[in-house]
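Asks: Predicted model and sequence below, questions to follow.
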Amino acid sequence: MDNTQHENGFEAKLASNTSIEPKDWMPENYRKHLIRQISQHAHSEIIGMLPEGNWITRAPSLRRKMVLLAKVQDEGGHGLYLYSAAETLGISRDELLDQLHTGKAKYSSIFNYPTLTWADIGAVGWLVDGAAIMNQVMLQRTSYGPYARAMVRICKEESFHQRQGYEIMMVLARGTAEQKEMAQDALNRWWWPSLMMFGPPDEKSPNTANAIKWKIKRESNDQLRQRFVNQTVPQAELIGLTIPDKDLKWNEEKKGYDFGTPDWAEFNNVIAGNGPCNKERLDTRNRAHNNGQWVRQAAAAYAEKQNKQVAA
Ligand code: BYC
């Protein structure tokens, strides 16, 4: 087949919503776009373990500790599915991790903010996992098969994470005045960074046009951000917390909320590597990777021995 036939076949699959699979022909830029997005997503899961892992030893009860431990473990699993999905596009795990460890690859801006109090764990589950699900539900229908399939399980687990976070916030908001204040303070600090998770406004998003054309993203950054606000405001009201946005107002005509503009200068600064915790996160991740060297060597030696025994 020549290139035009390949391209026609690819376009026909997209048009009929038939997933693109690893051995199918695909345009080089589609492959690169996916490696970028899936690997950033995988890195976000792995780095996302750090702000929460920070609270495992300080969770206020055994139940909370067990739940948080399971959640953090889930994020590790999500990272593994996503790295595997990225590997099907012809890049190795080592290369992907190297891009993360050297600061070449991005991961979600949200994980460069500190988790200062226990209420932050509630806010992360409620808002950060809530925003992640909002984005990931559409990714279950993304055009690349291995990515779409990984998202199905990830979404199921994320919805449990979101509920555990909301439950923490609910308990705090109904607790003592100090506990309620702690929940409000966490909401104040996490609200705007959560809105930034959806990426820059559509007119400043260089990757959206291709992503929509190739059915990688099914909705734009602004559409998803709007849906997240519409969903989250009533949840805050239900537990008596206030969204820290003086411009927030129901708009009957659009059947959604009008809301303020995130501080995009802050967002650009964070994704350029200068957020409050960027350096700490990368240092911790690099240290963990280096400390795990002996485990990888032992596993490789064991696998080699097993292979020799099978061959003999
Ligand atoms: N942080 O053209 P745009 C999770 C970058 S949740 C950092 O709109 P795109 C978890 C973007 O990469 C989080 N960088 O890009 C939850 C691009 O730079 P490059 C993970 C960002 O790809 C709880 C530039 O800005 N979820 O894992 O069309 C616990 C221009 O942006 C961000 C995903 O990754 C950001 N927030 O849209 C634990 C979902 N936003 O690459 C873990 C999959 C934008 O050109 N990803 N940038 O240098 C996506 O859906 C899309 O990649 C995005 C951005 C919506 C994030």
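Replies: Thanks, I have it.

Asks: How about the contacts made by Ile35?
Replies: Neighbour list for Ile35: 86, 89, 91 [criterion: Cβ atoms under 8 Å, 6 or more residues apart in numbering]. Heads up, the C-betas are built off the backbone N, CA and C, glycines and all.

Asks: can you list those residues in TSV and add pLDDT?
Replies: TSV is the format used below for these (pLDDT from 0 to 100):
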residue	pLDDT
Ala86	98
Leu89	98
Ile91	98
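
Asks: Neighbour-wise, give me the winner out of the residues you listed.
Replies: With neighbours set by other Cβ atoms under 10 Å, the maximum within these is found at Ala86, which has 26 neighbours.

Asks: Which members of the contacts of Ile35 occur in helices, if any?
Replies: Per DSSP state H, helices hold the following members of those: Ala86.

Asks: and the spatially closest residue to Arg227 that is not a sequence neighbour, how far is that from the ligand?
Replies: Closest residue in space to Arg227, ignoring its immediate chain neighbours: Met134 at 5.9 Å, by Cβ to Cβ, 6 or more residues apart in numbering. As judged by Cβ to the nearest ligand atom, to the nearest Å, Met134 and the ligand stand 10 Å apart.

Asks: ok, of the contacts of Ile35, which one's closest to Lys215?
Replies: Nearest to Lys215 among the contacts of Ile35, counting by Cβ to Cβ, is Leu89 at 16.1 Å.

Asks: Contacts only, for that closest one.
Replies: 22, 31, 34-35, 38.

Asks: How about Ser159?
Replies: Shown in contact with Ser159 (Cβ under 8 Å, 6+ apart): Ile133.

Asks: what residues does this protein put near the ligand?
Replies: Counting by Cβ under 6 Å from any ligand atom, the chain comes close to the ligand at 36-37, 40-41, 44-45, 48, 75, 106, 108-109, 128-129, 132, 135, 196-200, 205-208, 211, 217, 221, 271.

Asks: Check those for burial and list the buried ones.
Replies: Buried members of the residues of the chain next to the ligand, scored by 16 or more other Cβ atoms under 10 Å, are 37, 40-41, 44-45, 48, 75, 106, 108-109, 128-129, 132, 135, 196-200, 205, 208, 211, 217, 221, 271.

Asks: which ones among those are found in helices?
Replies: Using DSSP H, these in helices are 37, 40-41, 44-45, 48, 75, 132, 135, 196, 208, 211, 221.

Asks: how far away is the residue of the chain found nearest the ligand from Phe111?
Replies: Closest approach between the chain and the ligand, counting by Cβ to the nearest ligand atom: Gly48, at 2.8 Å. Separation of Gly48 from Phe111 (Cβ to Cβ, to the nearest Å): 5 Å.

Asks: related to what we said a few turns ago, how many other residues sit next to the residue nearest to Arg227?
Replies: Met134 has 24 nearby residues by other Cβ under 10 Å.

Asks: Quick check: it vs Asp94, distance?
Replies: According to Cβ to Cβ, Met134 stands 32 Å off from Asp94.

Asks: same deal with Ile110?
Replies: Ile110 is 26 Å from Asp94, by Cβ to Cβ.

Asks: Mind checking which of these two has more residues around it?
Replies: Between Ile110 and Asp94, counting by other Cβ under 10 Å, Ile110 is the more crowded of the two (22 against 9).

Asks: Would you confirm that that one contacts Leu195?
Replies: No - the pair Ile110 and Leu195 fails to qualify as a contact (Cβ atoms under 8 Å) at a distance of 10.0 Å.
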